[in-house]
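Asks: give me a 3D structure for the following:
(one chain, ligands or ions: 1)
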Amino acid sequence: MSVYSVEQLKFSYDKRFTLFVESFEMNEKCVGLVGPSGSGKTTLLLNLAFLLKGKWKKFEFLGQNVTEANFERLRRHVTYVAQHPVLLRRTVFENVAYPMALRGTSREEITERVEKITELFDLKDLLNKKPWQLSGGQAKRVCLARAFVFEPKVILLDEPTADLDEKGREILNNVLKVFSDRTSFIIVSHEIDWLESVCEKIYTMNDGALKEYRAKVKKN
Ligand SMILES: Nc1ncnc2c1ncn2[C@@H]1O[C@H](COP(=O)(O)OP(=O)(O)OP(=O)(O)O)[C@@H](O)[C@H]1O
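Replies: Modelled structure (predicted):
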């Protein structure tokens, strides 16, 4: 079953920019997306996260036909992590727990999952800190942990390495590996070498059009 199967997806904010994806079939666990600034990468991710609604000839998500009726419901299975995501003015623990609290998860399960994910993202010592007490890299790791904590089927990452130092990158690489058995990823980045080391396939975006960049056999 494909993660996404899309034909002729079109979205415009206004007359100045149009995203037009002729065809996108995602059968990989991880694909990368590169392209110049303003070419439409974020716009594509927002459409694939069901946060922007365009028009399409065919749009399937995990084998389900996307329709007007289920569009908003499908959001539950996919998480978009923005390049500069915003944290709530609450503790790190509460920020990471937030998506599960929204979903009505029990307090016990929340605590257990937050513990596990903050361990993976090396945030254990920061659980009681507030956002303004964190460095940029720490804040980014909190945002990433908040996306991974409820194990959505698909995670869309917009420039995830921005703000991360070497240790942060190692952590992210490890988490991508740990989650590769249960989560699929689309990653926007300008770091093509890094994308090639973690993705099975890479696409380019130019003036709103998506093209395959290079098929690649994953190392190790
Ligand atoms: N909310 C909006 N309203 C109107 N136009 C927008 C909006 N968001 C983005 N755009 C325009 O749509 C085009 C594509 O933007 P988008 O953010 O998808 O590009 P991008 O490839 O992600 O860029 P970057 O690499 O700089 O993040 C740009 O011309 C941008 O100015």
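
Asks: wait, Lys29 touches Glu200, no?
Replies: Yes: with contact defined as C-beta atoms under 8 Å, Lys29 reaches Glu200; the gap is 6.7 Å. Using the backbone N, CA and C atoms, a C-beta is placed for each residue, glycine as well.

Asks: how much space between the closest residue to Glu191 other than its chain neighbours and Ile202?
Replies: Closest residue in space to Glu191, ignoring its immediate chain neighbours: Thr161 at 6.0 Å, by C-beta to C-beta, 6 or more residues apart in numbering. Using C-beta to C-beta, to the nearest Å, Thr161 is found at 15 Å from Ile202.

Asks: which stretches in the protein count as helices?
Replies: Along the chain, the stretches classed as helices by DSSP state H are 41-48, 71-74, 92-102, 107-120, 136-148, 166-179, 192-198.

Asks: just the pLDDT at Lys219, thanks.
Replies: In this model, Lys219 is scored at 53, pLDDT.

Asks: tell me who's in contact with the most centrally placed residue in the chain.
Replies: Relative to the mean C-alpha position of the chain, the nearest C-alpha, by C-alpha atoms, centre = their mean, is the one of Leu156, at 1.8 Å. By C-beta atoms under 8 Å, 6 or more residues apart in numbering, Leu156 lies in contact with Leu45, Leu48, Ala49, Val78, Thr79, Tyr80, Val81, Phe185, Ile186, Ile187, Val188.
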